[in-house]
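J.: the sequence isn't on hand, but the structure is:
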C-alpha cells in the first residue's frame with residue numbers, strides 16, 4: 001500500500017476474503033470468495049461463502065491491468081483500467097477527492113420510484129450522490145479523511161482510440177506530464193459513483209501540547225492541508241490549534257454560484273474574494289479582545305487561494321493572515337503550499353515548514369527551514385528537509401530549546417569575533433599614532449598570525465557549541481523565552497556596537513598602560529629601558545588574557561570542556577611564549593625577550609594584573625547591574641533553577657507586565673521593552689496544574705501554556721498554596737541532608753502514566 005487509504009482497502013479486502021496471490025508486469029491474480037461479489041448475511045452461523053470453520057471458499061481469478069493513471073497534486077485522483085481474462089468488458093475505477101470525483105460524474109438518470117405497501121404513494125429512490133455527500137460531511141466533522149470512489153464501463157472501440165493517444169503522450173519528450181493529464185481527462189468522465197471511504201487520521205502523541213507551546217512562544221501557525229474544510233477544522237480543534245474562544249473567519253468559493261457559470265467568472269471571483277477578505281479585515285479591527293480572547297482564525301480553501309494568486313490578492317491575504325493567530329488552508333495542492341510559503345517569506349517573515357509526505361516537499365524546500373517527519377507517508381519529505389524528526393512532538397524541543405540556543409550562540413559568537421579583532425586592531429592603529437605612522441609593527445609575525453588560530457579561537461568555538469543559559473526542561477516550561485529571538489535581542493545594532501565599544505576601550509587601556517609604564521622605567525639589569533619587542537609582547541599578552549577572561553564572564557554553562565578551552569588557552573599562550581623565546585631561528589627579534597626582559601620584572605606581572613582588571617571592570621559592572629536592575633527573562637529562570645528566588649513569594653498577586661526583584665517589590669516594565677514577565681507565567685503554570693489535577697479542561701489561559709504537573713505535585717494542589725507548590729516545582733538550593741530537584745527532575749510523565 002502506498003498510502004493509509006490503500007492500506008485500509010487491502011486490510012478490509014483481506015478480512016472479507018479477497019487477497020493478492022500474484023502480481024505480474026501487467027496482470028494481478030486475486031483469491032476471491034465464491035458466490036456473488038457481495039457480503040452475504042450469516043445463516044446458521046455461517047454464510048453461503050464460508051466454510052463451517054469460518055474460512056472462505058475461494059477461487060483464483062486473473063485480471064489484466066491495461067493502464068494506470070497515477071495520482072498527482074493537480075489531478076487529486078488515481079484511476080486504473082482493467083479487464084478480466086477472456087472477458088472483453090473493460091472497466092475504469094477511480095478514487096480521489098470528493099470535489100474532483102463529483103465533477104466527473106455522469107448526469108443522474110431518471111429512475112422509477114420504489115413501490116410501497118398498502119397502496120401508499122411510491123417513495124422516490126434516494127439520490128446516491130446526495131446521500132454519499134452527507135455521509136462524507138459527517139465523516140469530515142468527526143475528523144476522518146474521506147475519498148470518493150467511482151467506476152465506468154468503457155467501450156472497446158473507445159478504449160482503442162484513447163489508448164493510442166495515451167501511448168503517444170506517455171512517450172512524449174516534452175511536456176509529458178501535461179499531455180498525460182490532458183489524455184486522462186478524456187477517459188475519466190461520465191463516472192458512476194460507487195461510494196466513499198473514511199479513515200481515521202490519528203494525531204501523534206503530544207501534538208496539541210507542542211502546538212500550544214509554539215503559540216506561547218510567539219510563533220504564527222499556518223496549516224496547509226489537502227483535507228476538506230470540515231476535516232481540517234475538526235483536526236485543528238483536536239490539536240488545540242483552534243479554540244472555542246477564537247473567532248473563525250471562513251473564506252470559500254461555495255457561496256459564489258457564478259464562479260464557473262458566467263463569462264466573466266474571473267473578475268466576479270476576484271471582486272467576491274476581495275470583498276470577503278476586506279470584511280474579515282474589518283471584523284478583526286472592530287472586534288475587541290475581551291469578546292474573543294483567543295484572537296482570530298482564518299479558514300480558506302484551495303479554490304479561493306487559486307483566485308488569490310491568480311488575481312494579485314496575495315498582499316491582502318497576507319495582511320489578513322498577519323492579524324490572525326491561526327490560518328488554516330484546506331484543499332490545497334502542493335504547488336499552492338509552496339506558493340503560500342514563498343509569499344509569506346517574500347513579505348519579510350522567517351518561515352519554518354514541517355511535513356511528512358511527498359505533497360509537502362515543495363513547501364519544505366521553499367521555506368527558510370524545512371523539517372521532515374519520518375512516518376507512514378514515505379521518506380520524500382525527510383530527504384528534502386534540512387532536519388528530520390520521528391514525531392511531531394519533537395518539534396517542541398527542537399525549536400524552543402535547540403533553536404533558541406542556536407540563535408543566541410551564533411549571535412554571541414559573531415559579536416565576539418568583532419570584539420576580539422577590534423581589541424587587536426586598535427592597538428596596531430594606536431602604535432602607528434605614536435610611531436609617527438612609520439609602518440613599524442610591534443608584534444612578531446608568527447605571534448600575530450596565531451591570534452585567531454591558536455590564542456583566542458578555541459574558547460569561543462566551545463562556547464558557541466556547548467553554552468546553555470537554561471536547561472532544556474526550563475526552555476520548554478517557559479516557551480516565552482523564545483521571544484528573545486523574535487525580538488532579536490542578541491544580534492542587533494545595539495548589541496554589536498556594545499561589543500565593539502568594549503573592544504575599543506580595552507584596546508586603549510592595554511596599549512597606553514604598557515606604553516606609559518615602559519616609556520618611563522628602566523627595569524633591566526643593564527640599565528636599559530624595555531625595547532619595542534618586549535613592549536609588544538607585554539601588550540599582546542594582556543590582549544590574550546583580556547579577551548579570554550571577557551569570554552569567561554559571559555559563559556552560562558561551565559563544563560570540563562569549557563574550563564579546558566578557556567584556561568588551557570591562557571596556559572598555552574605562556575607555554576608557547578616560553579618555548580618560542582628559545583628558538584633562535586624562528587623567533588628572530590623575539591629571542592629571549594620574555595625570559596630575560598619581561599618575566600624577571602615585577603612590573604610586568606603587576607602591569608598584567610592592573611591592566612586586565614581595569615579593562616574588564618566596566619563590562620563586569622555592566623553585567624552585574626543588568627542582572628540586578630535591568631534583568632532579562634532568562635536571568636529569572638536561571639535564578640529559579642539555582643534556588644535564588646524565595647519560594648514564599650505570592651506570585652498570584654503579580655499583574656501583567658510586572659515582576660519581582662529579589663526584595664519582593666514590584667517593578668513595572670513596558671511589554672515591548674521587557675517582554676512577557678516570567679512571574680505571570682509561573683502563576684499560569686500553577687493554575688493550569690490545578691485544573692489538570694481536578695480533571696477540568698486543559699485550556700489555553702491568558703496567552704500562556706503550561707506542562708503537565710507531576711503526580712507528586714498534584715497531590716499538594718488541593719491543600720497547599722501556589723507559593724508552596726512553586727517551592728516544589730522550582731525549589732531553592734539543596735541542603736546538606738537532601739538534594740532538591742530542579743527543572744531537569746522529576747521528569748514530566750506522559751498522560752498515559754498519570
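T.: Nice, I can see it. Nothing here was measured: the structure is a model prediction, and the numbers come from that model.
J.: I'd like the next helix or strand past the top helix by length along the chain.
T.: Assignment by DSSP state H gives helix 404-434 as the longest helix of the chain. Using DSSP states H and E, the helix or strand that follows helix 404-434 in sequence is helix 445-449.
J.: in that following helix, which residues are buried?
T.: Across helix 445-449, burial judged by 16 or more other Cβ atoms under 10 Å covers residue 447. C-betas here are computed from N, CA, C, even on glycine.
J.: any idea which helix or strand comes after it?
T.: Next helix or strand after helix 445-449 toward the C-terminus (DSSP H and E): helix 457-466.
J.: got the angle for that following helix vs helix 404-434?
T.: Counting by axes from the mean of the first three to the mean of the last three Cα atoms, to 10 degrees, helix 457-466 points 160 degrees away from the direction of helix 404-434.
J.: ok, then the element right after helix 457-466?
T.: helix 472-477.
J.: on that earlier part again, pull the distance from the longest helix of the chain to the chain's centre.
T.: Computed by Cα atoms, centre = their mean, to the nearest Å, the chain-centroid distance of helix 404-434 equals 32 Å.
J.: what about it, average pLDDT?
T.: Per-residue pLDDT values across helix 404-434 average out to 91.
J.: helices or strands up against that helix?
T.: Packing partners of helix 404-434 (3 or more Cβ pairs under 8 Å, 6 or more residues apart in numbering; DSSP states H and E): helix 457-466, helix 483-486, helix 493-518, helix 532-554.
J.: state the mean pLDDT of the first one.
T.: If I follow you right, that is helix 457-466. Over the span of helix 457-466, the pLDDT mean works out to 92.
J.: what do you get for the shortest one?
T.: Helix 483-486 comes out with an average pLDDT of 88.
J.: can you list the buried residues in the helix or strand hosting residue 639?
T.: Using DSSP H and E, residue 639 sits within helix 633-642. By 16+ other Cβ under 10 Å, the buried positions in helix 633-642 come out as 633, 634, 635, 636, 637, 638, 639, 640, 641.
J.: kindly report the same for stretch 374-388.
T.: By 16+ other Cβ under 10 Å, the buried positions in stretch 374-388 come out as 375, 377, 380, 381, 382, 384, 385, 387, 388.
J.: wait, is the last one part of a strand?
T.: Yes. Secondary structure of residue 388, determined by DSSP: H, G, I helix; E, B strand; the rest coil: located in a strand.
J.: that one: what's it in contact with?
T.: Counting by Cβ atoms under 8 Å, 6 or more residues apart in numbering, residue 388 makes contact with 371, 372, 373, 374, 382.
J.: could you work out the most separated pair of those?
T.: Largest separation among these by Cβ to Cβ: 371 and 374, giving 10.7 Å.
J.: what is in contact with these two at once?
T.: Common contact partners of residue 371 and residue 374 (Cβ under 8 Å, 6+ apart): 388, 389.
J.: please work out the average pLDDT along stretch 243-258.
T.: The average of the pLDDT scores along stretch 243-258 is 78.
J.: so what touches it?
T.: 229, 233, 237, 242, 259, 265, 268-269, 272-273, 276-277, 280, 283-284, 287, 291-301, 303-304, 307, 320, 324-326, 699-700.
J.: out of the helices and strands packed on helix 404-434, deepest packed?
T.: helix 532-554 (a mean of 22; mean count of other Cβ atoms under 10 Å).
J.: and that one with helix 493-518, angle?
T.: Helix 532-554 and helix 493-518 are oriented at 140 degrees to each other (the same axes, to 10 degrees).
J.: what distance do you get for residue 607 to residue 639?
T.: According to Cβ to Cβ, to the nearest Å, residue 607 and residue 639 sit 37 Å apart.
J.: how about residue 582?
T.: 50 Å.
J.: again, but for residue 391
T.: Taking Cβ to Cβ as the measure, residue 391 falls 33 Å from residue 639.
J.: same deal with residue 129?
T.: Here residue 129 is placed at a distance of 66 Å from residue 639 (Cβ to Cβ).
J.: next: residue 610.
T.: Distance, residue 610 to residue 639, by Cβ to Cβ: 33 Å.
J.: where does the stretch 601-750 of the chain have low pLDDT?
T.: The stretch 601-750 of the chain contains residues with pLDDT under 70 at 643-750.
J.: now with 50?
T.: 647-750 (pLDDT under 50).
J.: got it, and the stretch 1-150 of the chain?
T.: 36-53, 117-118.
J.: what segments of it are helices?
T.: With helices called from DSSP state H, counting those that start in this stretch, the stretch 1-150 of the chain shows them at 4-15, 98-102, 128-141.
J.: could you redo those as a markdown table and give each row mean neighbour count and distance to residue 576?
T.: Formatted as a markdown table, these follow (neighbours: other Cβ atoms under 10 Å; distance: least, Cβ to Cβ, whole Å):
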| stretch | mean neighbour count | distance to residue 576 |
| --- | --- | --- |
| helix 4-15 | 14 | 63 |
| helix 98-102 | 19 | 73 |
| helix 128-141 | 16 | 71 |
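J.: so which of the ones you listed is nearest residue 61?
T.: Closest approach to residue 61 among the helices of the stretch 1-150 of the chain (Cβ to Cβ): helix 4-15, 13.4 Å.
J.: quick one: contacts of the closest one?
T.: So helix 4-15 is contacted by 1, 19, 20, 95, 145, 147, 197, 199, 201, 376 (Cβ under 8 Å, 6+ apart).
J.: show me which of these is closest to residue 71.
T.: Distances from the contacts of helix 4-15 to residue 71 were compared by Cβ to Cβ; the smallest belongs to residue 95, at 8.8 Å.
J.: distance of that closest one from residue 7?
T.: Going from residue 95 to residue 7 by Cβ to Cβ gives 13 Å.
J.: run the chain-centre distance for stretch 186-199.
T.: For stretch 186-199, the distance to the chain centre is 37 Å (Cα atoms, centre = their mean).
J.: distance across it, terminal residue to terminal residue?
T.: 30 Å (Cα to Cα, to the nearest Å).
J.: surely residue 154 touches residue 81?
T.: Yes. Contact criterion Cβ atoms under 8 Å: residue 154 and residue 81 qualify, at 7.1 Å.
J.: overlap in contacts of those two?
T.: Contact criterion Cβ under 8 Å, 6+ apart; residues shared by residue 154 and residue 81: 90, 91, 92, 187.
J.: tell me what whichever strand or helix holds residue 624 is packed against?
T.: Using DSSP H and E, residue 624 sits in helix 602-629. Here helix 602-629 touches helix 493-518, helix 532-554, going by 3+ Cβ pairs under 8 Å, 6+ apart.
J.: these into a markdown table, with extra columns for distance to residue 603 and mean pLDDT?
T.: Shown next, in a markdown table, are these (distance: least, Cβ to Cβ, whole Å; pLDDT from 0 to 100):
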| stretch | distance to residue 603 | mean pLDDT |
| --- | --- | --- |
| helix 493-518 | 6 | 91 |
| helix 532-554 | 10 | 92 |
